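S.K.: Provided below for reference: sequence and predicted model.
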Amino acid sequence: MSKFEFPPSIKSRPIYGTLEPRKGPAHLLIADAVGAEAIIEVATPEMMRTAHIIYIPKGTEFSEKLRALNPAQYYEGASYAASVSRIHKVLGDAKMGLQVYLAGTEGMMGQAQLEATNAGIPHSAIQLEHRGSVARRMQCVHCKGITEDVEVDPFVCSHCGLNLFVRDHYSRRIAAYQGVCIDAEDLGNVPPSKGIYE
Amino acid sequence: MSGAQKIAVTVTEIVPLNELVTRFKFEPTDGSLLPTFSGGAHTVVEMKDGAITRLNPYSLMSDPMDQTAYTISVRRDDVGRGGSLFMHKRVKVGDQMTISYPVNLFSLDLRAKKHLFLAGGIGITPFMAQIKQLERTNGRWELHYATRSVALGSYVDELTTKHPNETHIYYDDQEQRIDLKNLLDGQPLGTHVYVCGPKGMIDWVRKTATDEGWPREAIHYEEFLAPKSGKPFEVKLAISNKVIQVGEDESLLEAMEREGVDAPYLCRGGACGQCETDVIDYSGTFIHRDHWLEDADHKSGKKIMPCVSRFEGKTLVLDR
């Protein structure tokens, strides 16, 4: 499952589009896992002449295809955490006109978007295309701890152990959805977990 | 009452800067303090010109934190509708006037890492206040100011003396031009560009920046349109139940105000959207001049911005 139709929700919930080539002196493309497919689709020879691709494979086999696009620079990171210093450096050196393309999971795109907005790009000028896992990066609103790759609702906070309800309420500043204690008033009354979109 | 809240002021200083531009200083008549504002804000000045009341917007150019006085600079337009001529010829020190609370349609985006200002002629005025604002907060800015000649270069001396490293002046009569493409190329990520000047300059900057891949959120512009004269026309106002005549030298908004209709407005220059009015019926042609409505709205025949747009034809019925 590479593409997923997210159900309509509240305004806070990010909406993803389809990457399109834009004019600019330089292009930064960041993808994880099957997000590579979106990069392959948007790439043009002209764009690749000034493109920097940062890719986090997560066990997928797109490296050869991405290298074959012949970007000016190509970097592969073992994880987002391993890649973030690279992303930070690229954005720090970048000039106006840089086009940013993000493709893959919500957690990766949210965090990379935060780096880009901190570097001065308006959030609405960054292109995002969701591909692959629909797992979410969640913040516990109680202990503020982040739990990555949450697929079920409710889930247990990996920091404080509270049972958390998965909300669509999203924070661009934290790059995470909000998780709220589901059994605060009736301790232990926790509905069985199911997939977030089931 | 439409528009922003009003302030009664006294004209305390009039300084001719050059052949075309004169600076006016307003202080509150009752001795109170004025509201602070943000750089880029304008005030709407009421001018009682015989039977006509003109309401013209002018950018505030004083220090936004100075609550004792506001200053504006007015460029004389000999072929305009008369507002600037009124300011230049009729207003005297000691006169009592009414101005509006500041309204800002051209504010700084304070998320910007750097502010790149491009001014043409009298378009320098909003930047005078924005520069003062940024100087207080250690903001990073750069000004490129094109003016016709040394003689007409309002505030060039002040800017080049106070900010020699940030200010770049271009004199048209010396064939000096802003090398825009080169200037935009290589600006650090997070730079926002602001342009205020003639329409041609604004279009040029917006297009060049867009072509260089600048996001539209980082391109800011302000162009006040003065309402243009045109053929007189008749309008039926459905809610007010009035039929009014719009004269050759007045705008539709001014005609409504003359007839005592309380029509909403803020900028009076086709930019803010406050005066947007629904059209109930028409037979004729709209002359749309605003920057607010989308092209589709202009073509639909369902909306008009009475501050700058006109109409030619037999019938026009508005929902006002």
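M.R.: The structure has been received and is ready for your questions.
S.K.: now B:Glu254: how far from chain A?
M.R.: From B:Glu254 across to chain A, the span is 37 Å (C-beta to the nearest C-beta, to the nearest Å). C-betas here are computed from N, CA, C, even on glycine.
S.K.: The residue in the stretch 151-300 of chain B that chain A sits nearest to: neighbour count?
M.R.: Relative to chain A, the nearest point of the stretch 151-300 of chain B is B:Gly190 (1.9 Å; C-beta to the nearest C-beta). B:Gly190 sits with 21 neighbouring residues when counted by other C-beta atoms under 10 Å in any protein chain shown.
S.K.: Check it and give its pLDDT.
M.R.: With respect to pLDDT, B:Gly190 has a value of 97.
S.K.: if I look at it, how far off is B:Ile178?
M.R.: Applying C-beta to C-beta, to the nearest Å, the value for B:Gly190 to B:Ile178 is 21 Å.
S.K.: Do I have it right that the residue of the stretch 151-300 of chain B closest to chain A meets A:Thr117?
M.R.: No: taking contacts as C-beta atoms under 8 Å, B:Gly190 lies outside contact range of A:Thr117: 9.5 Å.
S.K.: Quick check: residues of chain B near chain A?
M.R.: By C-beta under 8 Å from any C-beta of the partner chain, the part of chain B that sits against chain A consists of B:111-113, B:184-191, B:211-218.
S.K.: can we see that at 10 Å?
M.R.: Residues of chain B found near chain A (C-beta under 10 Å from any C-beta of the partner chain) are B:109, B:111-114, B:116, B:184-193, B:209-218.
S.K.: Where does chain A get nearest to chain B, which residue?
M.R.: For chain A, C-beta to the nearest C-beta, closest residue to chain B: A:Gly120, 1.9 Å.
S.K.: Now do the contacts for that residue.
M.R.: Applying C-beta atoms under 10 Å, 6 or more residues apart in numbering or on different chains, we find A:Gly120 in contact with A:91, A:94, A:96, A:98, B:111-114, B:188-192, B:218.
S.K.: ok so it is a strand residue?
M.R.: No: assigned with DSSP: H, G, I helix; E, B strand; the rest coil, A:Gly120 falls outside any strand and is coil.
S.K.: Leaving out the residues flanking it, which one is nearest to it?
M.R.: Using C-beta to C-beta, 6 or more residues apart in numbering or on different chains and skipping the chain neighbours, the partner closest in space to A:Gly120 is B:Gly190 (1.9 Å).
S.K.: Pull up the overlap in contacts between B:Gly190 and A:Thr117.
M.R.: Contacts common to B:Gly190 and A:Thr117, judged by C-beta under 10 Å, 6+ apart, are A:Leu91, B:Arg111.
S.K.: List the beta-bridge partners for B:Val11.
M.R.: Beta-bridge partners of B:Val11, counted by DSSP bridges, are B:Phe26.
S.K.: what's the burial count for it?
M.R.: 17.
S.K.: ok so, going back, for B:Pro215, see how far away the residue of the stretch 151-300 of chain B closest to chain A is.
M.R.: Distance, B:Gly190 to B:Pro215, using C-beta to C-beta: 11 Å.
S.K.: shared neighbours, those two?
M.R.: Applying C-beta under 10 Å, 6+ apart, one finds that B:Gly190 and B:Pro215 are jointly contacted by A:Met96, A:Ile121, A:Pro122.
S.K.: Which one (most neighbours) among these?
M.R.: Among these, A:Met96 has the most neighbours (other C-beta under 10 Å), with 28 neighbours.
S.K.: Report how many residues lie close to the residue nearest to that one when sequence neighbours are not counted.
M.R.: Of all residues beyond its chain neighbours, the one nearest A:Met96 is B:Gln187 (4.3 Å), with distances taken as C-beta to C-beta, 6+ apart. Residues within reach of B:Gln187, counting by other C-beta under 10 Å, total 21.
S.K.: Quickly find the element holding the residue nearest to B:Gly273 when sequence neighbours are not counted.
M.R.: Nearest residue to B:Gly273 in three dimensions, chain neighbours excluded: B:Trp292, at 4.5 Å (C-beta to C-beta, 6+ apart). Applying DSSP states H and E as the criterion places B:Trp292 outside every helix and strand.
S.K.: So B:Trp292 is in contact with B:Thr277, correct?
M.R.: No: if you go by C-beta atoms under 10 Å, B:Trp292 and B:Thr277 don't touch, sitting 11.3 Å apart.
S.K.: hey, what's in contact with both of those two?
M.R.: Jointly contacting B:Trp292 and B:Thr277 under the rule C-beta under 10 Å, 6+ apart are B:Lys303, B:Met305, B:Cys307, B:Ser309.
S.K.: For chain A, what lies in contact range of chain B?
M.R.: Within chain A, the residues that sit near chain B (C-beta under 10 Å from any C-beta) are A:22-27, A:91-100, A:116-126.
S.K.: Would you mind giving me the ChimeraX syntax to select the buried ones in those residues?
M.R.: Filtering the residues of chain A next to chain B down to the buried ones (16 or more other C-beta atoms under 10 Å in any protein chain shown) takes a single ChimeraX command:
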select /A:22,24,25,26,27,91,94,95,96,97,98,99,100,116,117,119,120,121,122,125,126
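S.K.: In helices, which of the residues of chain A next to chain B fall?
M.R.: For these, the ones inside helices are A:Leu91, A:Gly92, A:Asp93, A:Ala116, A:Thr117, A:Asn118, with DSSP state H as the criterion.
S.K.: Any chance of these in JSON lines with distance to B:Glu248 and pLDDT as columns?
M.R.: Formatted as JSON lines, those follow (distance: C-beta to C-beta, whole Å; pLDDT from 0 to 100):
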{"residue": "A:Leu91", "distance to B:Glu248": "56", "pLDDT": "98"}
{"residue": "A:Gly92", "distance to B:Glu248": "58", "pLDDT": "96"}
{"residue": "A:Asp93", "distance to B:Glu248": "58", "pLDDT": "96"}
{"residue": "A:Ala116", "distance to B:Glu248": "53", "pLDDT": "98"}
{"residue": "A:Thr117", "distance to B:Glu248": "51", "pLDDT": "97"}
{"residue": "A:Asn118", "distance to B:Glu248": "55", "pLDDT": "96"}
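S.K.: and which of these is nearest A:Arg172?
M.R.: A:Thr117 (7.1 Å; C-beta to C-beta).
S.K.: Provide a list of residues in contact with the closest one.
M.R.: A:Leu91, A:Val100, A:His123, A:Ser124, A:Ala125, A:Ile126, A:Arg172, A:Arg173, A:Ala175, B:Arg111, B:Gly190 are the contacts of A:Thr117 under C-beta under 10 Å, 6+ apart.
S.K.: Between all of those residues, which two are at the greatest distance?
M.R.: Top of the distance list for the contacts of A:Thr117 (C-beta to C-beta): A:Ala175 and B:Gly190, 18.6 Å.
S.K.: and B:Val45, what is it in contact with?
M.R.: Contacts for B:Val45 (C-beta under 10 Å, 6+ apart) come out as B:9, B:24, B:26, B:54-58, B:70, B:72, B:74, B:83, B:86-87, B:91, B:97-100.
S.K.: 7 Å instead?
M.R.: Contacts for B:Val45 (C-beta atoms under 7 Å, 6 or more residues apart in numbering or on different chains) come out as B:Asn56, B:Tyr58, B:Met97, B:Ile99.
S.K.: List buried residues within those.
M.R.: Among the contacts of B:Val45, those classed as buried by 16+ other C-beta under 10 Å are B:Asn56, B:Tyr58, B:Met97, B:Ile99.
S.K.: want to throw the residues you listed into TSV with pLDDT and distance to B:Val261?
M.R.: Below are the buried ones among the contacts of B:Val45 laid out as TSV (pLDDT from 0 to 100; distance: C-beta to C-beta, whole Å):
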residue	pLDDT	distance to B:Val261
B:Asn56	90	20
B:Tyr58	95	25
B:Met97	97	23
B:Ile99	97	22
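S.K.: Mind jotting down where the helices sit in chain A?
M.R.: Going by DSSP H, chain A shows helices at A:35-42, A:45-48, A:63-68, A:80-93, A:106-118.
S.K.: Run the angle between the first one and helix A:106-118 for me.
M.R.: Inter-element angle recorded for helix A:35-42 and helix A:106-118: 60 degrees (by axes from the mean of the first three to the mean of the last three C-alpha atoms, to 10 degrees).
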